[in-house]
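Participant: sequence first, then the predicted structure, then my questions.
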Amino acid sequence: MSFEEVSHTADVKIRACAPTLDALFSDACDALMQVMYGNSREGGIQTEIEIDAADIESLILDFLSEVLFVSDVEGIVFSKAKVQIAGLHLHALLDGEPFDKRKHSVGTEVKGISYSGLSIGHDANGYMLDIIFDV
Amino acid sequence: MVILHVLPGIKQINTYEWEVPVGTVANMRVPGKFFLSESLGKLLEPGAVQQLANVATMPGIIKNALAMPDIHWGYGFPIGGVAAFDLTEGVISPGGVGFDINCGVRLLTTPLSKKDVSGRRDLIDQLYQAVPTGVGSKSTLRVDARALDGMMVKGARWAVDNGYGIPRDLVRCEEGGSMKEADTCAVSPKAKQRGVPQGGTLGSGNHFLEMQIVSEIFDDPAAKAFGLANNQICCMIHCGSRGLGHQVCTDHLKVLEGATKRYQIKLPDRQLACAPISSPEGRAYFGAMAASANYAWANRQMITHTVRQVLARMYRIEYEDMPLVYDVAHNVAKFEEHMVDGRRRKVCVHRKGATRAFGPDAPDIPVELASIGQPVIIPGSMGTSSFVLRGTAIAMERTFGSTCHGAGRVMSRTQAKKSLSGREVVANLAKKGIIVRGPSDAAISDEAPEVYKPSDEVVRVVHEVGLSHRVARLEPLGVIKG
């Protein structure tokens, strides 16, 4: 896990860094799940997600929005995401467990993923992400 | 002056009024304007002013990009932002409404007195059991696909028609609790899927249900007309359109991103993605947004019904003796008529964290309140006052009939977690006689009174400027956090 919650007055701002783009997206998914459901999350149920987008910012926004949707309607709390990105195509294998009110009620609902303040950059050390979740 | 340091070039017009001149960011079409006191100015973030200036670049914006005294840094529009757009030249944007479409607040009165409610943990427990609350909460009411359609098309009217209220409730809702422009075909199957299990749920974050007591009356005739009296016990409900509205925003943001390019609209922030109001993309978003707004009104009406049932059962009082004072939306876009340059014009008003505050004799005010103005409900935080105000003619002239929506955060969640424990917050509030229940310690510390600006000061500024006038103050006695 290599992300942190950065101080933001109204919403949740996440800063992540990872050696590869695949790992960066996987960390962002982990951050989203942690904000919503806390740290105690197990595997057991697998789900796949496929996304195509016009640019890299849309790819991460659409990916996390889809994770949010699946988690909400299926009632699954994800513990891990194995992400593979080729160009602007994403395939993710998500592993999670059913939502349990007693265990997962420590977070806050994320309403949406915002383009405001969204940036993905990279340098010799790898990739960096800033992203804001509306809560 | 503190505010001058926020961004160079900002001009103070008078005690409470500040201008962000054209040129502060590139391609501004009109100046930005915000209302703040000196003490609130110390809390203003540069990002919020930048976002206000960004709004001023949008095509067809009329007069000013406006922000209320609870302005703070959001996404797209700043929170507290208001902007009206010309119907021909102008645009519509989900960034001016937010993910939680028709997040709003309502207040109902009861015939109870302080001794009935004060210290009654059993009451708060019963309400907490009855109203589904928190992340992942699902409805205990029967909402199926057909009911969902009813909620989206008819809003609070659907709820009343199905036994979740009384006809008088509708008169006391902004828009009668139902926007007629709702288009359910523009709401995706994904959004509908999220909407079905969440009808009648409170949600999480800053959403709450509070038992309150009227602690001060500022304006006797208005309070009387609104049905408020000193020491009266009331219930305030703050929630929105749940996953359905969130999904509508996400879906249409994607469509409008494409439209922004297609219509060659240049924007400084992708979250402001928009389309001409009359374009197919703009109309589709408006129709879906109106359907979500209706869902939110039905949702608040269903929660109201649950609260009335609990109170009626516990205290043996009549359901009808708990009338609604009013219900306001604070994240919405609407077609409204306003005076612009001496001429009455229909415009599209976006309110993002701002409340409609129509003055006396404006349209869509209950007949019996026509001479007073529209009731405006301003929620405080768990430990601080909430307020009822009334709309004014000044708001009609200056802010397209708009005022503030709440206190606005001052401390981030990361700071709150570091400096406050949920247990301490609960203990401190208990000393003040306020009972709190929430799904977790974190949910409570996230929303502690300390994380918000003082609601008193925000309300004082709108009162002094005349954007709305104080009618009554309410203090919390029991709080259910989402």
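Facilitator: Noted; the coordinates are in hand.
Participant: residues contacting the closest residue to B:Thr24 other than its chain neighbours?
Facilitator: Leaving aside its chain neighbours, B:Thr24 sits nearest to B:Ala53 (4.6 Å; criterion: Cβ to Cβ, 6 or more residues apart in numbering or on different chains). Where you see a C-beta, it was placed from the backbone N, CA and C, and this is true even at glycine. B:Ala53 is in contact with B:7, B:20, B:24-25, B:28, B:32, B:65, counting by Cβ atoms under 8 Å, 6 or more residues apart in numbering or on different chains.
Participant: which bits of the stretch 51-200 of chain B sit near chain A?
Facilitator: B:51, B:72-76, B:79, B:95, B:98-100, B:134-137, B:190, B:193-194 (Cβ under 8 Å from any Cβ of the partner chain).
Participant: one more time with 7 Å
Facilitator: Proximity of the stretch 51-200 of chain B to chain A (Cβ under 7 Å from any Cβ of the partner chain) is limited to residues B:72-76, B:79, B:99-100, B:134-136, B:190, B:193-194.
Participant: quick one on the thing from earlier: which is the next helix or strand following the helix or strand encompassing the residue nearest to B:Thr24?
Facilitator: Secondary structure assignment for B:Ala53, by DSSP states H and E: helix B:46-55. Elements were assigned by DSSP H and E; along the chain past helix B:46-55, the next helix or strand is strand B:65-75.
Participant: tell me the SS of B:Gly380?
Facilitator: Secondary structure, DSSP: H, G, I helix; E, B strand; the rest coil: B:Gly380 is coil.
Participant: please name the nearest non-neighbouring residue to it.
Facilitator: That would be B:Ser455: by Cβ to Cβ, 6+ apart, it lies 3.9 Å from B:Gly380.
Participant: surely the one you found touches B:Arg409?
Facilitator: No. If you go by Cβ atoms under 7 Å, B:Ser455 and B:Arg409 don't touch, sitting 11.9 Å apart.
Participant: circling back: I'd like to check the angle between the helix holding B:Ala53 and strand B:65-75, please.
Facilitator: Counting by axes from the mean of the first three to the mean of the last three Cα atoms, to 10 degrees, helix B:46-55 points 120 degrees away from the direction of strand B:65-75.
Participant: mean confidence score for helix B:46-55?
Facilitator: Helix B:46-55 carries an average pLDDT of 95.
Participant: what does the helix or strand harbouring B:Ile124 contact?
Facilitator: B:Ile124 belongs to helix B:121-130 when assigned by DSSP H and E. Outside of helix B:121-130, the residues within contact range by Cβ atoms under 7 Å, 6 or more residues apart in numbering or on different chains are B:117, B:209, B:211, B:306-307, B:310, B:314, B:435, B:437, B:478, B:480.
Participant: report the two of the residues you listed separated the most.
Facilitator: Greatest spacing in the contacts of helix B:121-130, by Cβ to Cβ: B:Thr306 and B:Ile435 (18.5 Å).
Participant: hang on, the earlier thing: okay, now the residue nearest to B:Gly380: neighbour count?
Facilitator: Other residues within reach of B:Ser455 by the criterion other Cβ atoms under 10 Å in any protein chain shown amount to 23.
Participant: ok, it - contacts?
Facilitator: Per Cβ under 7 Å, 6+ apart, neighbours of B:Ser455: B:378, B:380, B:384-385, B:387, B:406-407.
Participant: what is the burial count for the residue of the stretch 201-350 of chain B found nearest chain A?
Facilitator: Proximity of the stretch 201-350 of chain B to chain A (Cβ to the nearest Cβ) peaks at B:Arg270, 3.7 Å away. Close neighbours of B:Arg270, defined as other Cβ under 10 Å, add up to 21.
Participant: now the residue lying closest to it once chain neighbours are set aside, what's its secondary structure?
Facilitator: Nearest residue to B:Arg270 in three dimensions, chain neighbours excluded: A:Tyr115, at 3.7 Å (Cβ to Cβ, 6+ apart). Under three-state DSSP, A:Tyr115 falls in the strand class.
Participant: hmm, B:Gln271 and A:Tyr115 touching each other?
Facilitator: Yes. A:Tyr115 lies in contact with B:Gln271 (Cβ under 7 Å); the separation is 4.2 Å.
Participant: which residues touch B:Ala229?
Facilitator: B:214, B:223.
Participant: same check on B:Asn27?
Facilitator: B:57, B:266.
Participant: roughly how far apart are the closest residue to B:Pro167 other than its chain neighbours and B:Ile317?
Facilitator: Of all residues not flanking B:Pro167 in the chain, B:Val160 sits nearest, at 6.0 Å (Cβ to Cβ, 6+ apart). Per Cβ to Cβ, to the nearest Å, B:Val160 is found 20 Å from B:Ile317.
Participant: any part of the lengthiest helix in chain A near chain B?
Facilitator: Longest helix in chain A by number of residues (criterion: DSSP state H): helix A:56-74. Yes. Helix A:56-74 reaches chain B (Cβ under 7 Å from any Cβ) through A:65, A:69, A:72-73.
Participant: just the buried residues of those.
Facilitator: Taking 16 or more other Cβ atoms under 10 Å in any protein chain shown as the criterion, what is buried in these is A:65, A:69, A:72.
Participant: for the last one, give its distance to B:Val160.
Facilitator: Meaning A:Asp72. Plainly put, A:Asp72 is 28 Å away from B:Val160 if you go by Cβ to Cβ.
Participant: before we move on, back to that, among the residues of the stretch 51-200 of chain B next to chain A, who's most crowded?
Facilitator: Going by other Cβ under 10 Å, B:Gly76 tops these with 31 neighbours.
Participant: so B:Ile365, which of the three states?
Facilitator: coil.
Participant: show me the strands in the stretch 151-300 of chain B, by range?
Facilitator: B:208-217, B:233-239, B:275-276 (DSSP state E, counting those that start in this stretch).
Participant: the first one vs chain A: in contact?
Facilitator: Same thing as strand B:208-217. No. Strand B:208-217 does not reach chain A (Cβ under 7 Å from any Cβ); its nearest approach is 13.0 Å.
Participant: quick one: residues in contact with that strand.
Facilitator: Under Cβ under 7 Å, 6+ apart, the answer for strand B:208-217 is B:114, B:117, B:123, B:127, B:131, B:202, B:223, B:228-238, B:386, B:472-482.
Participant: each with direction, which strands does that strand pair with?
Facilitator: Strand B:208-217 has its sheet partners listed here by DSSP bridges as strand B:233-239 (antiparallel), strand B:468-481 (antiparallel).
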